[in-house]
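Asker: here you go, sequence then predicted model.
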Amino acid sequence: MKLAQVCLPNDLEYRLGTEDDLSEIAELYKYAEESIASKNISMWKNYWKRYEEMICESIVNDRYHVLDGAEIQSGMVVLLEDLNMWGETEDTAFIKSFASKVKGAGAILLDCVEKTCRENKIKTLSVDVLNSNERLKQYYIANGFSEIGIAETRYKTGGKACKMSKGL
């Protein structure tokens with residue numbers, strides 16, 4: 001997927017992650033895991049340990065998008081398929097993993113990814129959210145996503161997944 005040219009403040013850069021970013025990305029996910037746990041949401045226990053290989057593969061395959069400043073502020077894995085459950089079509093992109101540690105950086109990165117998807121003729125952007133995580137569902141709704149469906153089990157915690165999508 002070719003990245004969109006986006007207008008950002010001078011101190012920020014939207015780009016694909018590289019292998020040189022791995023230690024910063026690991027810190028980003030550890031920060032996100034601690035933040036989620038502090039809100040009593042049982043979703044990302046040992047996330048980095050479980051998904052390090054997936055993140056590394058995403059970097060190698062140009063699927064890891066970052067918002068970079070003095071440090072990586074936000075990161076997202078964007079796939080062009082989700083074969084696990086929802087049966088997406090070829091014109092749908094799927095947010096597999098999204099972490100942010102600077103207020104507002106996630107929304108900026110989400111906007112950059114949406115522009116990239118539109119320029120690459122992607123018509124829909126989808127994401128799974130732990131159904132009990134109302135705060136995160138409201139975040140996506142505020143960013144134009146709609147709830148599409150619920151799956152009985154999706155997460156290792158046994159929680160139900162809420163699929164959310166946004167037409168681009």
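Answerer: Perfect, thanks for sending it.
Asker: contacts and neighbour counts: CA atoms only from here.
Answerer: OK.
Asker: same question for the top helix by length along the chain: list its buried residues.
Answerer: The single longest helix within the chain, with elements called by DSSP state H, is helix 22-38. The neighbour-count check on helix 22-38 (16 or more other Cα atoms under 10 Å) flags 25-26, 28-30, 32-33, 36 as buried.
Asker: isn't there a helix covering Ile148?
Answerer: No: Ile148 sits outside any helix when classified using DSSP: H, G, I helix; E, B strand; the rest coil, being strand.
Asker: ok, it to Ser38 distance?
Answerer: For Ile148, the distance to Ser38 equals 28 Å [Cα to Cα, to the nearest Å].
Asker: tell me which stretches of this protein form helices.
Answerer: Under DSSP H, the chain gives helices at 22-38, 47-60, 105-119, 134-142.
Asker: not counting the last one itself, show me its contacts.
Answerer: Put plainly, it is helix 134-142. By Cα atoms under 8 Å, 6 or more residues apart in numbering, the residues outside helix 134-142 that reach it are 129, 131, 146-147, 164.
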